[in-house]
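task: produce atomic coordinates for the following.
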Amino acid sequence: MIPIKINNSKFLVKSNLSILEACKYVGITVPRFCYHETLSVAGNCRMCLVETSMDPKPVSSCTRPIMKDMEIFVDTPLVKKARENVVETLLLNHPLDCPICDQGGECDLQDQTKVFGSDYSRFFFNKRGVEDKNCGPLIKTIMTRCIHCTRCVRFGTEIAGVDFFGTLNRGTSTEIGSYSSKFFDSEISGNVIDLCPVGALTSKPYAFKARPWELKINESIDLTDSTGSNIYVNFKETEVMRILPKNNSEINETLISDKARFSYDSIKNQRLQKLFEKHNLSNSFTFKLSNWPKVFKNLDKLLFTNPNVKVTFLINEELDLESLTILNDIQNKLSNNVRVKLIERSSNIPNNAFLSWSNDKLVDLKKNVQYCFLISSNIRLEGAILNAKIRNKVVSDTLNTFSMGQNFNSNFSLNFINLNLNNVLNFFESKSNISKLLVSTNKPLIVLGETLNKRLFGNFNLTSLIKKIIPSAIVLDVKKHSNTESMQLVNIKALDSNTFQNSDILINLNLDDDAKIRKIFSKFNGSLIWLNTHGSKIATKADVLIPTLTPFEEENTYLNFEQRAQKTLKTLPGVGESRETKKIIKALYSEKVGFKGDASFNIFKELTENPEKFKTLKNIFSKLDLLNSNFLKHKNTFVNYPLKSSLEDFHRSNKFTKNSKVMSQCSQESRKNYRNFF
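The predicted model follows:
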């Protein structure tokens, strides 16, 4: 800590800060345009000029480091006049279109013009115009408004890893743009909208929809992947207008993926709003509208008239923890008649075993990690935020990264090692030539892909083996879906052929219409019940269609891949006759099962209300000693299929994103082949 003076007040600050950072540290705001905390320093807007006792003229505070006993003045008449001239210069070619600009009301240039701007302009020439650029279906550009702060250029180069934007021409002809007209092919491209201090880059789906002062704000989490990024939901009346990132230094910081930001339009698309029951005619069938009393009456007859009827609840890894707890109570109480099964096999951690809550968190990436091993994981598609964190560490700290399994198009330097599953297991058992890299480093970062665990069968656990070999290893088991960890907590097994063949009724909870579901429906001869937020072609095979709520319309708890409990908050009212999934299930079996709740769920509920307790949470749920040598000796089998990514299309990864028109457009754009020259 060194002593400095700011506006004749004495402060003690860290020695390695710039003047702007030191002022921010003590609570004094210095205006800026080009400076941003997550980007490198450019020093080209000159808005942050200050006077110091060690410099003969005003200096830019973002580039000038502090020195011992330095005196800094941030509001002298000279500084104010300099800022007035900077604002006047920026407004020379800036269009006066604030009434139709989507940035109006939250524009940095507007704010600084109000504080430091003059009441007249000395410029009398024609304003310069710049051609708008095509960035795809997500980002709307009006480049005449650009003030050349280069935030978007630095974001693409330093964080996104895509050199999309650049500075073209020189002098008064300078403009920001792409070298070729194409889609901004990055999983986090939408974050440039938040970075842009003016209205040059805005959200295309949000264009001309609302003003910021008309919007209400609610907090929630992103459920399009397993990271659980924190978000703000901006809504107007009964419609979501836009989604913005919420700063959380332990998870996503100030970033969110494009899926989280733009897939909200699926709330309205193809929604199932009414209850329908199938009526068979002579040679065909038809669906007729129904109501809740009639549907429950028919379901009671179907489920409880015959005491030997076999019911299977078919779920995926995106069902909330509350509904899972209720289903688990039903399965335990009516074990002879009711089964709860996953549509696809999850990771093979058995018997409610949680590994280590005192380690293996996203915040551990900030530690001194030298080597990173990606095992059967396309981290760029499966975890866009985690990929950005790893890339930042690769660029800044020279993190050595190795990828084992299927090669993928990475946006940072990567050493690809083509290994099959057998070689991967030999690698962890120190039977491989490259195993010395794993053993020699102190805190290796190991990212396990979802398909790796799906190729292992039995009670053997790979994470246990890694922890046994290197206790200090940071192991992140990245999932494709938002709530896979809850499936492991409740110990839900995958659907097998015996359960499928012996079932009389199949109740489908919020499933995605994919090839696996269509195959099951085509072979099943019993009664099908479809509980879902959206309709689809395969839903017409069901006997009863029941609408449910989206995560924006109810409050639920989810666990991300680091087993952190978070919850969504109710933002919108339900559409039509839709109801909460957990309430529908509870109402069906309320007379048969006395729902007592679950102790583990109560603890997770407390964690969602007190997130700081996650930092000190211990391994309290483990029923097995996963680091016990006897447990490691359990026999297992594995399927020696090639290792590959669990996700091929980033923009259409689950049911919610597949019903988004914006994500469909992005998926089409990302598949196109561009050529710079013909």
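
measure His94 to Arg83 for me?
As judged by CB to CB, to the nearest Å, His94 and Arg83 stand 16 Å apart. C-beta here means a position set from N, CA and C on the backbone, and glycine is covered the same way.

what does Gly574 give?
For Gly574 relative to Arg83 (CB to CB), the value is 50 Å.

the two - which one has more neighbours?
Arg83 (23 against 17; other CB atoms under 10 Å).

measure the residue nearest to that one when sequence neighbours are not counted to Lys80 for me?
Take Arg83 and drop its neighbours on the chain: the residue closest to it by CB to CB, 6 or more residues apart in numbering is Phe116, 4.3 Å away. Taking CB to CB as the measure, Phe116 falls 7 Å from Lys80.

angles on the backbone of the closest residue to Asn316 other than its chain neighbours, please.
In space, and not counting its chain neighbours, Asn316 is closest to Ile343: 5.1 Å by CB to CB, 6+ apart. Taking degrees, to the nearest 10, you get phi -70, psi -30 for the backbone angles of Ile343.

residue contacts, Ile343?
With contacts taken as CB atoms under 8 Å, 6 or more residues apart in numbering, Ile343 has the following neighbours: Leu314, Ile315, Asn316, Ala494, Leu495, Leu511, Lys516, Ile517, Ile520.

any idea which of these has the most stuff around it?
Busiest of the contacts of Ile343 [other CB under 10 Å] is Ile315, holding 25 neighbours.

now do that residue, the pLDDT please.
pLDDT recorded at Ile315 is 92.

you'd agree it is up against Leu506?
No: at 11.3 Å, Ile315 does not count as touching Leu506 under the criterion of CB atoms under 8 Å.

helices of the stretch 501-650 of the chain, residue ranges please.
Per DSSP state H, counting those that start in this stretch, the stretch 501-650 of the chain carries helices over the ranges 515-523, 581-588, 599-609, 629-632.

out of those helices, nearest to Tyr264?
Smallest distance to Tyr264 across the helices of the stretch 501-650 of the chain (CB to CB): 19.7 Å, for helix 581-588.

I'd like the distance between Gln370 and Ile159.
22 Å.

repeat that for Leu92.
30 Å.

which of these two has more residues huddled nearby?
Set Leu92 next to Ile159 and count neighbours by other CB under 10 Å: Ile159 wins out with 22 against 13.

pLDDT score assigned to the closest residue to that one other than its chain neighbours?
Using CB to CB, 6+ apart and skipping the chain neighbours, the partner closest in space to Ile159 is Ala388 (5.9 Å). If you check Ala388, the pLDDT there is 93.

tell me the phi and psi of Ala388?
Here the main-chain torsion angles of Ala388 (degrees, to the nearest 10) amount to phi -70, psi -40.

please renumber the chain so that the first residue is 45 from this point on.
Sounds good: first residue 45 from here, last item Ala432.

what is the neighbour count of it?
For Ala432, the count of nearby residues is 26 (other CB under 10 Å).

could you do Lys716 as well?
Using other CB under 10 Å, Lys716 is surrounded by 9 other residues.

any idea how far it lies from Asp693?
Lys716 is 14 Å from Asp693, by CB to CB.

okay, the nearest residue to Leu463 once chain neighbours are set aside and Ser273: tell me how far apart.
Nearest residue to Leu463, sequence neighbours excluded (CB to CB, 6+ apart): Met448, at 4.6 Å. Noted for Met448: a distance of 27 Å to Ser273, by CB to CB.

show me the domain layout of this protein.
Here the domain assignment for the chain is 46-134, 139-248, 262-722, based on automatic domain parsing.

so which residues of the stretch 95-244 of the chain form strands?
Remark: strands assigned in the stretch 95-244 of the chain by DSSP state E, counting those that start in this stretch are 103-104, 115-117, 183-185, 209-212, 219-222.

could you dump those to JSON lines with mean neighbour count and distance to Lys318?
Putting the strands of the stretch 95-244 of the chain into JSON lines (neighbours: other CB atoms under 10 Å; distance: least, CB to CB, whole Å) gives the following:
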{"stretch": "strand 103-104", "mean neighbour count": "21", "distance to Lys318": "61"}
{"stretch": "strand 115-117", "mean neighbour count": "18", "distance to Lys318": "66"}
{"stretch": "strand 183-185", "mean neighbour count": "22", "distance to Lys318": "36"}
{"stretch": "strand 209-212", "mean neighbour count": "16", "distance to Lys318": "47"}
{"stretch": "strand 219-222", "mean neighbour count": "20", "distance to Lys318": "46"}
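
which of those sits closest to Ser247?
strand 183-185 (6.7 Å).

what about the residue nearest to Lys614 when sequence neighbours are not counted, neighbour count?
Once flanking residues are discounted, Lys614 sits nearest to Glu599: 5.1 Å by CB to CB, 6+ apart. Under the neighbour criterion other CB under 10 Å, Glu599 is assigned a count of 16.

these two touch, right, Glu599 and Thr615?
No: assessed by CB under 8 Å, Glu599 is found out of contact with Thr615, at 9.7 Å.

rewinding a little: check the gap between the residue nearest to Ile203 and Ser104 for me.
Noted for Ala432: a distance of 28 Å to Ser104, by CB to CB.

please apply the same query to Arg305.
Taking CB to CB as the measure, Arg305 falls 32 Å from Ser104.

now Ser479
From Ser479 across to Ser104, the span is 50 Å (CB to CB).

what does Glu231 give?
From Glu231 over to Ser104 the distance is 33 Å, taken as CB to CB.

what's the answer for Arg127, then?
Going from Arg127 to Ser104 by CB to CB gives 12 Å.

look up the residues forming beta bridges with Leu288.
When assigned by DSSP bridges, Leu288 has beta-bridge partners Tyr276.

quick one: the strands in the stretch 495-644 of the chain, in order.
Under DSSP E, counting those that start in this stretch, the stretch 495-644 of the chain gives strands at 500-502, 518-521, 537-538, 549-553, 571-576, 588-591, 601-603, 609-611.
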